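Chemist: sequence first, predicted coordinates after that:
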Amino acid sequence: EAGVTQFPSHSVIEKGQTVTLRCDPISGHDNLYWYRRVMGKEIKFLLHFVKESKQDESGMPNNRFLAERTGGTYSTLKVQPAELEDSGVYFCASSGRPGTGSEKLFFGSGTQLSVL
Amino acid sequence: RKEVEQDPGPFNVPEGATVAFNCTYSNSASQSFFWYRQDCRKEPKLLMSVYSSGNEDGRFTAQLNRASQYISLLIRDSKLSDSATYLCAVNPSNNPYGNKLVFGAGTILRVKS
């Protein structure tokens, strides 16, 4: 079974540019999460989709970040315009519905974003 | 105070040693607890869930102390391959839709020959 896949694995952009990260969750997982780890800090929650709906976006830093999950399959996270402090590793994770035995979170390998 | 706190380490131990990590959480309503392992420049990988009754998986034992609000991970007979960062993760609410996790900053373990 394919795991959570993320693209690109690395992205280097200049301040003010736009970057779009993509996440393909494990097939059949309704829940999709975005997390971020900034250098030297803990992994922090950004938002949670249940299918195509945003269940919780309390961790989104500001309105430069836009996440979508059209059709409830893959998700994109767009940063526009990027700032230096957006640099970090962006992880996507997915899980099945609670009570199904597949509610544990599985992470993708992350996108290392460097804003110069 | 952080929601989830861990001793960052590093814990430097010889092969074969037993090592234990603790993790404290601030939200007494937290529902579920996990230990993840993260290798350098890799994604977190679920090591084990932590149940109230405690659970064991081979050389790894996890325990939950709700009264004192901490979870622990014990690794017996440490191997070189156990070297990694161990992340504590807590689900702070009984969300019927899924597991929104709060992570600690991680504890670094280095096992040396």
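Modeler: Right, received. Where do you want to start?

Chemist: what parts of chain B come near chain A?
Modeler: Where proximity means C-beta under 8 Å from any C-beta of the partner chain, the interface of chain B facing chain A comprises B:2, B:4, B:34, B:42-46, B:49, B:87, B:95-106. Placement of C-beta: from N, CA and C, glycine included.

Chemist: CA atoms of stretch B:68-79 as PDB?
Modeler: What follows is the C-alpha trace of stretch B:68-79 in PDB, where atoms were taken according to Å, rounded to 0.1, in the frame of the first residue of the first chain:
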ATOM      1  CA  SER B  68       0.600  13.200  37.100                       C
ATOM      2  CA  GLN B  69       0.000  13.900  33.400                       C
ATOM      3  CA  TYR B  70       2.900  12.300  31.900                       C
ATOM      4  CA  ILE B  71       3.800   9.400  29.600                       C
ATOM      5  CA  SER B  72       7.000   7.400  29.500                       C
ATOM      6  CA  LEU B  73       8.900   5.300  27.000                       C
ATOM      7  CA  LEU B  74      11.300   2.700  28.200                       C
ATOM      8  CA  ILE B  75      13.800   1.100  25.800                       C
ATOM      9  CA  ARG B  76      15.600  -2.000  26.900                       C
ATOM     10  CA  ASP B  77      18.800  -3.500  25.400                       C
ATOM     11  CA  SER B  78      19.400  -0.400  23.300                       C
ATOM     12  CA  LYS B  79      20.700  -1.000  19.800                       C
END
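
Chemist: which among the residues of chain B next to chain A end up buried?
Modeler: Burial of the residues of chain B next to chain A was assessed by neighbour count (16 or more other C-beta atoms under 10 Å in any protein chain shown); the buried members are B:4, B:34, B:43-44, B:49, B:87, B:95, B:97-106.

Chemist: okay, and which of the residues of chain B next to chain A map to strands?
Modeler: B:Val4, B:Phe34, B:Pro44, B:Lys45, B:Leu46, B:Ser49, B:Leu87, B:Val102, B:Phe103 (DSSP state E).

Chemist: what parts of chain A come near chain B?
Modeler: Contact residues, chain A versus chain B (C-beta under 8 Å from any C-beta): A:30-31, A:33, A:35, A:41-45, A:48, A:50, A:55-56, A:91, A:95, A:97-98, A:103-110.
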